[in-house]
Structures are given as structure tokens and as C-alpha cells.
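Asks: give me a model of this one.
(one chain, ligands or ions: 1)
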Amino acid sequence: MEINDQSYRIQGVSLTDLAKQYGTPLYVYDGEKILSQVEAIKTAFSTVKLKIKYATKALSNINILKLMKQAGTGVDAVSIEEVHLCLHVGFEPQEIMYTPNCVDFAEIQEAVGLGVMINIDSIPMLEHFGTTYGGKIPLCIRLNPHILAGGNAKISVGHIDSKFGISILQLKHILKVVDAYGLQITGLHVHTGSDILDADVFLKGAEILFEAAKEFKDLTFLDFGGGFKVGYKTGDVTTDIMDVGNKVSQAFQEFCGEYGRELEIWFEPGKFLVSESGYLLVSATVVKPTPATTFVGVNSGLNHLIRPMMYDAYHEVINISTLTGPERVYTIVGYICETDTIAADRKLKEVKEGDILAIKNAGAYGFSMSSNYNSRLRPPEVLLLNGKTHLIRKRETFEDLLRNQILVTMD
Ligand code: LLP
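Replies: Got it, this is the predicted structure:
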């Protein structure tokens, strides 16, 4: 975001103008930022055969998926609905990695029918798969490496208490099942968590994967999942993608040498690709001094951006209506009927009713985790690309709230 002639602009477009044109609350995505993040990963892993599988769940608007397709990424899908969205925008089935957890086997069969790569994360499902398909369909196995990593307990998923993946301690059992059914295992996968800072965590995951990989002769790829951390506050430490790229690529090349074949390396970034591209624009509805603080109430809340309440996530907030003058300390809160703090004790340029605030880093897990709680409507989404503005989702209407409800006669 640049400050220019007294307004915040992205690709030359003023955010306050967008707020006026489309109203608030409004999600805005900077398409150029998404493309530059894709390039950053490609550059960091330029010495190995890299495949980026964008984690659809982070932001699944079909235009974002189309942009990823144009940028040359594949996709990671965690539900059959995400698989269908990705197919809908033109991804080839073989570009889609489907990583379900605790789904009915029927959903896995549907995905097999669609021709996508299946990532299995439990031994019973592996056995089901073997009984149904034998070795006909190539398959990936999600291992749980028992590494504790990630920014918050809710998003740390590779540790011993986690429901994800097949324990690395069960490797012998996996091998017996693979052998018994003649399964064709072409990939192994780990995903340890989200908001991972350190190259060392990826290296630790890699070591475990390399050790296990030696037992599988048909591999064509190893998938290290997602989790690269982005900066949420000024001065925040972020994943040094070049450092991760150099270290992991070197370890990967050494492994491929030992394995005897050059494999592909896959990553499934979500946040890294789309978080910083997104802004949630909201309007200040009330500035309310209390004995403890001054609240700024806004016309949005945890129904549109749940991360602050769900993960204690820090999202920077800027008053884009007032760029000069004194700063004051505020707590920015949403309009939802329970504690709904977006940002506590923050210095902002003095806020007046009607000012537009931009909540940053709202691209990943913002709209995709939004809801109609309090029977509120979800905001529209706008994508900026090549200096042009595209409305990519309409604001919901009252009819949308009623759409699937059935008013019955009660007698
Ligand atoms: N691959 C798998 C198998 C995953 O489960 C996830 C995220 C990713 C890739 C992408 O992770 P990322 O690069 O975005 O960190 N709602 C939470 C994050 C949940 C992540 C769930 N899995 C948040 O807002 O922080």
C-alpha cells in the first residue's frame, strides 16, 4: 500500500474511493502482490523441480483460483467442494492434490472418479483404498511427523496429539498395508502447521520424510505442506523464503541423489500467497469513550474476520480517511453481540464517525472463514489487477439469508 496525494493506494487505486464505490464492509485483494509472492517461492526453489499447490481454503474465490492457474500453480483441496471449484476454473485433475481428513470414503471415491491426486491420512482409509482399487490408482500418504510447530495450538497439526496424518511411528504398519494390496505410492506428505518461521522446522519435517521415503520405490514427489509465516505487524519476523528455499533445496537434492532419481518437491502455501494481498475495509460507526479505553465500533466483526477472536491474531489497522494529525489509542471492535475485538490498544490517526479503517493481512482465512452470524450479510470482494478494479463477488442481500430456509405451516 502506498500513500500518494493523501490517499492510500494499491496499484494507483485509492482504497477510500473503492469504499465509496462499493460501500463497506469490503474485501479488497491486490492481485499483483499475490503474483509476486508466487514468484518469490519459485525463485527460492529455482534449483529443484518445484510444484506449488495453492491451499484453496485460504481464499477460494474462483477469480483468485484462476489467477493462481495463470501464475502456473496447482492447488491443494481439502474438501470435494474445493476440488469441484478448482475443476470449475479449469485446473486439470492431475494439478489438484486432495487432502481430506475424516471424510466418508464415498467422498474419496468421488475424487478418484474425478482423477485428482488423493492424499490418504489414516490406515483404515488406506485399507479401504486397497480393497477398492488395489494398485491401479497412484496415491499419496500423509504422515504425522510428530513435530510441534505453528503460531497457535489451533493451527499446529503435526504433533502427537493431532488428528492429522498417519503417525510416522506406524511406518511398519503402513508398509504392510502397501505390500498387501500392492498400492502404488507416488508421494509422501507432511504439513506441520501454519505460521512457521523457521527453515529448521521444514528441515526437520524433510529429514523425517526422507527417512520414510527410502522405503517406497515408486515415489515421484514429496510434499512439505504449507505454513510459511507472513508478517502481521511492522517489524514482525517472517519466514525468510530464500533461506528456506536454499536449505530445503540442498537437503532435497542430496536426498534425490541417495534415492537414485530426481523427484518433484511440492509445497501447499495458503497464507504466504494471499494474506498480505487482502484488506478488509470497514467504517467507524461509533467512537465510544469508556473508563478503560476508547472503543471504535465498526460495521463488521468476527462474522467477516474471525482470526483475531479465534487465534488471537494481530491484524494491523489503519485509518485511511485521516492520514495526518495526532494519533490516539483505541480498541477497535466489531458489531457482533459478544466480545468481538478486532484490535486492542492500537495507535491510530484520530478516528471520527464515518472514517474508513483498513484491516490488513485479511486475504488469507478472512472471507473464507466468514459467516452469516447475527444474520449479517457477507461483504463483496474486489480484485485489483493491472491497475483495474474487478468486482469478484457481490454483496449478499436479504434474499441470500432466506435462500435455503423453508417456512413451514405449524399447526
Ligand atoms: N496444507 C495443508 C494440508 C493444510 O492443512 C494447510 C492449512 C495448508 C496446506 C496451508 O497452510 P498455510 O500456508 O496457509 O499456513 N485458519 C487458520 C489457518 C488454518 C490452516 C489449516 N491448514 C488461520 O487463519 O491462521
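
Asks: outline the domain layout of this structure.
Replies: Using automatic domain parsing, the domain parsing of the chain gives 2-29+276-402, 60-269.

Asks: the last one near the ligand at all?
Replies: Going back to what we said before, that points to domain 60-269. Yes: for a cut-off given as CB under 6 Å from any ligand atom, domain 60-269 has contacts with the ligand, namely 76, 99, 155, 191, 194, 225-228, 268-269. In this view, the C-beta of every residue, glycine as well, is placed from N, C-alpha and C.

Asks: tell me, what's the model's pLDDT at the nearest residue to D121 once chain neighbours are set aside?
Replies: In space, and not counting its chain neighbours, D121 is closest to R142: 3.9 Å by CB to CB, 6 or more residues apart in numbering. With respect to pLDDT, R142 scores 96.

Asks: which parts of the stretch 301-411 of the chain sit against the ligand?
Replies: So the stretch 301-411 of the chain meets the ligand at 307, 311, 364-365 (CB under 6 Å from any ligand atom).

Asks: circling back: could you work out the most separated pair of the residues of domain 60-269 next to the ligand?
Replies: For the residues of domain 60-269 next to the ligand, the maximum inter-member distance is 17.2 Å, found between T99 and F228 (CB to CB).

Asks: for V287, give me its contacts.
Replies: 294-297, 330, 351-353 (CB atoms under 8 Å, 6 or more residues apart in numbering).

Asks: quick one on the thing from earlier: can you add distance to M410 and give the domains of the chain back as a markdown table?
Replies: Below are those laid out as a markdown table (distance: least, CB to CB, whole Å):
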| stretch | distance to M410 |
| --- | --- |
| domain 2-29+276-402 | 17 |
| domain 60-269 | 33 |
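
Asks: the residue of the stretch 301-411 of the chain found nearest the ligand in helix, strand or coil?
Replies: The stretch 301-411 of the chain approaches the ligand most closely through Y365 (3.2 Å), counting by CB to the nearest ligand atom. At Y365 the chain is in coil, as set by DSSP: H, G, I helix; E, B strand; the rest coil.

Asks: now for it, how many residues are close by?
Replies: 26 (other CB atoms under 10 Å).

Asks: do G354 as well
Replies: So G354, with other CB under 10 Å, has 9 neighbours.

Asks: which residues touch it?
Replies: Contacts of G354 (CB under 8 Å, 6+ apart): 283-284, 321.

Asks: ok, back up a step: hey, least reliable of the domains of the chain by pLDDT?
Replies: domain 60-269 (a mean of 93).

Asks: which strands and helices sit next to the helix of greatest length in the chain?
Replies: Longest helix in the chain, counting residues (DSSP state H): helix 241-259. Identification of packing neighbours for helix 241-259 by 3 or more CB pairs under 8 Å, 6 or more residues apart in numbering; DSSP states H and E yields helix 31-44, helix 199-213, strand 264-267.

Asks: by contact count, what packs against the shortest one?
Replies: For strand 264-267, the helices and strands in contact under the criterion 3+ CB pairs under 8 Å, 6+ apart are strand 49-55, strand 221-223, helix 241-259.

Asks: now the ones you listed as TSV including mean neighbour count?
Replies: Below are these laid out as TSV (neighbours: other CB atoms under 10 Å):
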stretch	mean neighbour count
strand 49-55	23
strand 221-223	22
helix 241-259	16
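
Asks: so for D17, which of the ones you listed sits nearest?
Replies: Across the helices and strands packed on strand 264-267, closest to D17 is strand 49-55 (CB to CB), at 29.5 Å.
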